[in-house]
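In: Sequence plus the predicted model coming up.
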Amino acid sequence: MPIHVHAGKNAPTRGTWEAGDADEHAHNLTDWRQEYDQISAGAFYGRIDEVQLDEMQVFREHTNRALRQQCNVWPESLWIGIPAAQVCRINGRPVGEAEVMCQPGHRDFELITPGSFTIYGLVVSRRLLASAAGEAGLALMERAPSTHMRLRLPAQTRKSIAFLIERLLGAERQTPVSQVHRDILMMALVELLQLEVPCNDVPPSYAHRKRVVDQVKHYLDDPAHAPVSVTELCELTHVSQRTLQYCFTSILGISPVQFLRTARLNRVRRILVQPGDTTTVTGAANDWGFYHLGQFSQDYRHLFGESPSATLTRCRGAPALVPKVAVQRGVESTPSLRSRPSSMCT
């Protein structure tokens with residue numbers, strides 16, 4: 001797999017990365033802090049095609065399984081995400097075919113994406129945005145992300161921006177990426193800012209449902225709380241089982257039971273993908289409350305397409321992951337949740 005090397009200012013770079021693990025794939029996008037949980041069953045495949053220009057990042061990401069993505073874009077920037085076709089969710093709200101997603105840098109947000117999902121991404125620095133779009137650009141960065149996380153656009157504008165990104169990424173590698181490319185993309189972004197309409201159709205119950213789901217996710221971050229039952233979660237959040245079910249299906253698109261199972265399985269997989277000298281399948285499973293090893297192994301194989309012992313064997317001895325701090329954009333970015341290793345564990 002090609003390894004990305006940060007370039008100096010004004011030196012464009014290209015890269016393509018493929019991964020067979022969802023969370024490993026999450027860390028292939030340069031300068032983003034991300035963590036992915038696989039939701040749908042089967043062997044994972046992900047690919048990122050990326051071009052970096054001065055103070056701008058352009059990419060196309062494809063994943064073949066449904067995912068829950070915890071994301072954070074590099075600081076002092078603005079991200080525009082354009083799903084190719086499929087409907088996804090940002091912070092629990094559905095993103096329709098006439099909409100794009102928007103988030104300022106250095107702020108956590110969550111995506112729920114379906115299987116066979118492709119998204120185009122454009123990230124620009126605050127300075128570049130200000131110089132090209134003036135107050136209109138900076139205003140979008142300063143607005144509340146909860147109300148401006150989805151922007152409605154004319155279909156032709158949305159398609160044009162995706163087309164420009166596709167052409168840039170699809171160009172021959174020997175074709176130089178120039179200032180002209182950046183200027184064309186900035187012109188498209190300025191047009192977007194002039195035409196965008198915030199999607200503020202958030203129901204009154206949204207805040208409560210999101211708060212219930214977030215409370216459960218925070219509770220499960222501590223392995224001491226595993227395993228946990230739906231009854232315990234109802235007591236924790238002070239809601240009925242029916243309300244808990246509604247909160248999860250409306251925000252994440254999955255049931256509480258499915259969330260509990262996949263969240264814990266993904267946590268075990270993170271241990272097995274980056275094992276220590278004493279890591280065992282039994283120990284990793286027990287850490288997250290799986291005590292019936294036969295059932296655990298069956299559930300693990302069903303979700304990830306391989307046995308837990310196969311994951312551990314394949315990844316045992318892989319190079320340790322070293323934190324990475326990028327300085328390409330003139331400011332130090334926050335280190336990745338887990339940075340890309342010098343060779344992939346595949």
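Out: Now that the structure is in, tell me what you want to look at. Numbering: from 1, shown residues only.
In: How is this protein partitioned into domains?
Out: For the chain, the domain assignment from automatic domain parsing gives the residue ranges 13-198, 206-315.
In: can you pull the contacts of the residue nearest to residue 243 when sequence neighbours are not counted?
Out: In space, and not counting its chain neighbours, residue 243 is closest to residue 212: 7.6 Å by C-beta to C-beta, 6 or more residues apart in numbering. No exception for glycine: its C-beta is placed from N, CA and C like everyone else's. Each residue near residue 212 by C-beta atoms under 8 Å, 6 or more residues apart in numbering is listed here: 237, 239, 243-244, 247.
In: okay, now residue 195: neighbour count?
Out: 14 (other C-beta atoms under 10 Å).
In: meant to ask about residue 180, not that
Out: 9.
In: ok, now the one 4 residues further on?
Out: By other C-beta under 10 Å, 14 other residues sit near residue 184.
In: what do you get for residue 107?
Out: Residues lying near residue 107 (other C-beta under 10 Å) number 12.
In: What does it show for phi and psi?
Out: Per-residue torsions, residue 107: phi -140, psi 130 (degrees, to the nearest 10).
In: Touching, it and residue 72? I think so.
Out: Yes - judged on C-beta atoms under 8 Å, residue 107 makes contact with residue 72 at a distance of 6.7 Å.
In: rewinding a little: now the domains of the chain in TSV, please, with extra columns for mean pLDDT.
Out: Conversion of those to TSV gives the following (pLDDT from 0 to 100):
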stretch	mean pLDDT
domain 13-198	88
domain 206-315	95
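In: Show me the strands in this structure, by range?
Out: For the chain, the strands defined by DSSP state E occupy 13-19, 33-38, 46-53, 56-63, 67-72, 77-83, 88-90, 93-95, 99-104, 109-113, 117-125, 150-152, 197-198.
In: which strands and helices sit next to the last one?
Out: Helices and strands touching strand 197-198, as assessed by 3 or more C-beta pairs under 8 Å, 6 or more residues apart in numbering; DSSP states H and E, comprise strand 150-152.
In: in stretch 94-102, what counts as buried?
Out: Judged by neighbour count (16 or more other C-beta atoms under 10 Å), stretch 94-102 contains these buried residues: 95, 99-102.
In: can you check stretch 214-224 too?
Out: Quick answer for stretch 214-224 (16+ other C-beta under 10 Å): 214-216, 220.
In: Which residues does it contact?
Out: By C-beta under 8 Å, 6+ apart, stretch 214-224 touches 225-226, 228, 233, 236-237, 256, 259-260, 263-264, 267, 287-289.
In: Determine which two of those residues are furthest apart.
Out: 237 and 287 (24.3 Å; C-beta to C-beta).
In: the more surrounded of those two?
Out: Taking other C-beta under 10 Å, residue 237 and residue 287 do not tie; residue 237 has more neighbours (19 against 16).
In: Just give the nearest non-adjacent residue to the more buried one, would you?
Out: residue 212 (4.8 Å).
In: distance of the one you found from residue 258?
Out: 16 Å (C-beta to C-beta, to the nearest Å).
In: Please apply the same query to residue 307.
Out: In terms of C-beta to C-beta, residue 307 sits 21 Å off from residue 258.
In: quick one, which of the domains of the chain is packed in tightest?
Out: Of all the domains of the chain, domain 13-198 carries the top mean neighbour count, a mean of 18, counting by mean count of other C-beta atoms under 10 Å.
In: Start and end of it, how far apart?
Out: 33 Å (C-alpha to C-alpha, to the nearest Å).
In: now do stretch 194-212
Out: So stretch 194-212: terminal residues 36 Å apart, C-alpha to C-alpha.
In: ok so, going back, export the strands of the chain as a markdown table, with columns for distance to residue 303.
Out: Supplementary listing: the strands of the chain in a markdown table, determined by distance: least, C-beta to C-beta, whole Å:
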| stretch | distance to residue 303 |
| --- | --- |
| strand 13-19 | 16 |
| strand 33-38 | 6 |
| strand 46-53 | 16 |
| strand 56-63 | 15 |
| strand 67-72 | 12 |
| strand 77-83 | 24 |
| strand 88-90 | 20 |
| strand 93-95 | 24 |
| strand 99-104 | 27 |
| strand 109-113 | 16 |
| strand 117-125 | 17 |
| strand 150-152 | 30 |
| strand 197-198 | 37 |
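In: Leaving out the residues flanking it, which one is nearest to residue 154?
Out: Nearest residue to residue 154 in three dimensions, chain neighbours excluded: residue 195, at 5.9 Å (C-beta to C-beta, 6+ apart).
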